[in-house]
Each structure stands twice: as structure tokens, then as C-alpha cells.
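Visitor: Got a sequence here, can you build the structure:
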Amino acid sequence: MRNALALIAFGGNAILKEGERGTQEEQIRHTDEACELMAQIVQRGHDLVIVHGNGPQVGNFLIQTEEAINKVPPFSLDVCVAVSEGSMGYMLERSLRNQLRKRGLKKEVATLITQVMVDPRDPAFENPSKPIGPFFTAYRAAALKKEKKWPMMEDSGRGYRRVVASPIPQRIINIETIKTLVADGACVIAAGGGGIPAYYDAHENIKGVEAVIDKDYTSSLLAAELKADLFVILTNVDHVATHFGKKTQRNLTRVKLKELKRYYDRGHFPPGSMGPKIQAAINYIEKGGKEVVITSARELLRALRGKSGTHIVR
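Guide: Residues are numbered from 1 along each chain as shown. Take a look at the predicted model:
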């Protein structure tokens, strides 16, 4: 009989925090903190799959590319996502191996560069909306729009940024490899940043596409495919709430799927905030999932004991 499988998703901001320079030393320190928590979950008897975000990290790679544009040929966005999967996966794998060893836990850890199939006809490609990378002057933005055909938008009064599509993930190309690793009892780090967006061309060859995938949607898809017993989404609040930020705010502790969908339809969870996490939770439960926990890192262990967090059940 296998251990209960937990899939835990957290954002890239957990590793590269706002207000920091984003040095390697800072990111390794935060990786150690995250993996100390992950090791405690393994110690509790769970098998583990980790999906991390990569927004700040890919943004930094794109800034480096722009600064070195006259000296080094640039990578496409799908390759930048792959680079972040590799570098962040390495830091997480190293830290997790160290934390497991300290606890006397003999578990293999594997990082998998993960490709995720998207539909090239997804409406998101007709309406790119996800700002990425550096801020440009109006002059540079106009030049890039003309030269590279990049959609650009003014962002936060700080300049212009490239916007790309964020299509819905359809299938995880590496799913059988992930299943094999999980079945062997390994802790798996996969689908970093939502995975590398890809599609099949007319000749059935895999092609990368310049887009980004929401890591919560990919995490939901992966949790359902693996039949994970628990899908955990870490965020910056302890509970999901209705009427968030208002006097009538109500924290949700245990909520059934039908009730959650009603709150979602009434607009309690905005698209730029909690919305994708709630939709990811709904998708997982509707595909046969057992339970979703949404909470903060500081409350995770208490949430696993049922003492905190928002628990979503069928």
C-alpha cells in the first residue's frame, strides 16, 4: 500500500521575494526554508510532488537577455522557462535532499524538465494579457513591437512591457515519467512555472511556443492525473475568504465544491488574485480529486492537521 500522495504548489515569490535583489544566496536561503517544510510533510508519511512558480525568475532571465542583446543571442520564452525549471529545480532538489538526510529519511529526489501541451487555437493567443520581463521606454517598446511583432502594454506607470498568452494546459507530455518516479517513491519536482508550453505541428513534432502557463492550472491537472490524495496551494493568506478586505469578510475553513462554485460565480475570487487558484481547485475536485487545501506556508502544518487553512471537499 503506497503512502498518501500530496502535491504542493507554491509561487516563485516564495524563492525570490519582493524587495530583495534576487541574488543566488537569497534564493538558496529561501529554498532551504521551503524544503524544511516539505521535508516535514514527507516525515509525516506523505509521498510528495512539488510544483513551483517562476514568474520573478523568468522575468530576471529576460532582463539579462535584454541587457546582453548586443553580445549574446537571445533565448525564446519557452527556453527561458526551461532554464528556470532547471536552475530552480536544482536548488530545490539540493535543499530537499539535505533536509531529508537530516531527518534520516531515505528518499530519492528527482527534478523533471516538464513540457505541457497547449492548444495553439486557444483564445488566449488572440488576446495576450500576461506582462513579462523588463520595463521598456515607449521608444524601445515601439521598436520591439515593429521588429519582433511583440504585443506591448503600459504597466503600472513604470514603462512598457511585453505581454504574452497564457493558454490553458491540456496535457502533460512527461506524465508517464512522473508517474513512474512517484510509483518508485521518489519526491518529484515537476512542471516548474506551469511547464514549458508546447504543441504538435502538422508532422507530429513537438514545438515550443512563446507563452506562459498558470502553474496552479498545471498543478491541478497533474494532481488529477496522479490521483493525488491531497492538493495543496500555498499563497500569502491563511484562508480563502468571501468579501475579501471588507467588513463583511468571512474566512472559509471547510467548504464543499457546490458552495465554492457558487461563491466563484458570484465574483468573490477575482481573476488577478484568488480566481485561478479557486478554478484550479474546482478542476481537480471535478476530475475525482479528494481534497484541496489553500493556505500560507506558515500555517501549512497546522492546516494538514485540520487546524487552519481552507479545505475544499467534494
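Visitor: Give me the nearest residue to residue 278, chain neighbours excluded.
Guide: Of all residues not flanking residue 278 in the chain, residue 269 sits nearest, at 4.5 Å (CB to CB, 6 or more residues apart in numbering). C-betas here are computed from N, CA, C, even on glycine.
Visitor: nope, residue 46 is what I meant
Guide: Counting by CB to CB, 6+ apart, residue 46 lies nearest to residue 6, which is 4.4 Å off, once chain neighbours are set aside.
Visitor: For that neighbour, what are phi and psi?
Guide: Phi and psi for residue 6, reported as degrees, to the nearest 10, are phi -110, psi 130.
Visitor: hang on, it packs against residue 229?
Guide: Yes - look at residue 6 against residue 229 with CB atoms under 8 Å: they come within range, at 6.8 Å.
Visitor: Do you have the helices of the stretch 201-314 of the chain handy? List them.
Guide: For the stretch 201-314 of the chain, the helices defined by DSSP state H, counting those that start in this stretch occupy 215-225, 257-265, 275-286, 300-304.
Visitor: okay if I get those as a markdown table plus mean neighbour count?
Guide: Shown next, in a markdown table, are the helices of the stretch 201-314 of the chain (neighbours: other CB atoms under 10 Å):
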| stretch | mean neighbour count |
| --- | --- |
| helix 215-225 | 26 |
| helix 257-265 | 14 |
| helix 275-286 | 21 |
| helix 300-304 | 18 |
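Visitor: can you list the ones you listed in a markdown table and add mean pLDDT and distance to residue 77?
Guide: Below are these laid out as a markdown table (pLDDT from 0 to 100; distance: least, CB to CB, whole Å):
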| stretch | mean pLDDT | distance to residue 77 |
| --- | --- | --- |
| helix 215-225 | 98 | 15 |
| helix 257-265 | 97 | 30 |
| helix 275-286 | 97 | 20 |
| helix 300-304 | 95 | 31 |
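Visitor: now those helices in CSV, with distance to residue 185?
Guide: Formatted as CSV, those follow (distance: least, CB to CB, whole Å):
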stretch, distance to residue 185
helix 215-225, 18
helix 257-265, 31
helix 275-286, 23
helix 300-304, 20
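Visitor: Which of these sits closest to residue 147?
Guide: Among the helices of the stretch 201-314 of the chain, helix 215-225 comes nearest to residue 147, with 30.2 Å by CB to CB.
Visitor: List the contacts of residue 231.
Guide: 6-7, 9, 219-220, 223, 281, 284, 289, 291-293 (CB atoms under 8 Å, 6 or more residues apart in numbering).
Visitor: if we go to 10 Å?
Guide: Taking CB atoms under 10 Å, 6 or more residues apart in numbering, we find residue 231 in contact with 5-9, 49, 51, 216, 219-220, 222-224, 280-281, 283-285, 289-294, 312.
Visitor: pLDDT score for it?
Guide: What the model reports for residue 231 is a pLDDT of 98.
Visitor: With the flanking residues excluded, which residue is spatially nearest to it?
Guide: Using CB to CB, 6+ apart, the nearest residue to residue 231 is residue 223, at 4.2 Å.
Visitor: quick one: that neighbour from residue 111, how far?
Guide: Going from residue 223 to residue 111 by CB to CB, to the nearest Å gives 18 Å.
Visitor: show me what contacts the nearest residue to residue 61 once chain neighbours are set aside?
Guide: If the residues on either side of it in the chain are set aside, residue 61 comes closest to residue 80, at 4.7 Å by CB to CB, 6+ apart. Contact analysis of residue 80 by CB under 10 Å, 6+ apart lists 54, 57-62, 64-65, 74, 132-133, 193, 196, 210, 212.
Visitor: Could you turn the buried ones of these into a PyMOL selection?
Guide: In PyMOL, this line selects whichever of the contacts of residue 80 come out buried by 16 or more other CB atoms under 10 Å:
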select buried, resi 54+57+58+59+60+61+62+65+132+133+193+196+210+212
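Visitor: okay, how far is it across stretch 140-158, tip to tip?
Guide: End-to-end distance for stretch 140-158: 14 Å, by CA to CA, to the nearest Å.
Visitor: same question, stretch 109-129
Guide: 35 Å.
Visitor: ok, now stretch 285-296?
Guide: End to end - CA to CA - stretch 285-296 spans 20 Å.
Visitor: how about the closest residue to residue 290 other than its chain neighbours, what does it touch?
Guide: Ranked by CB to CB, 6+ apart and with sequence neighbours excluded, the top spatial neighbour of residue 290 is residue 229, at 5.6 Å. Going by CB under 10 Å, 6+ apart, residue 229 touches 2-7, 46-47, 223, 289-291.
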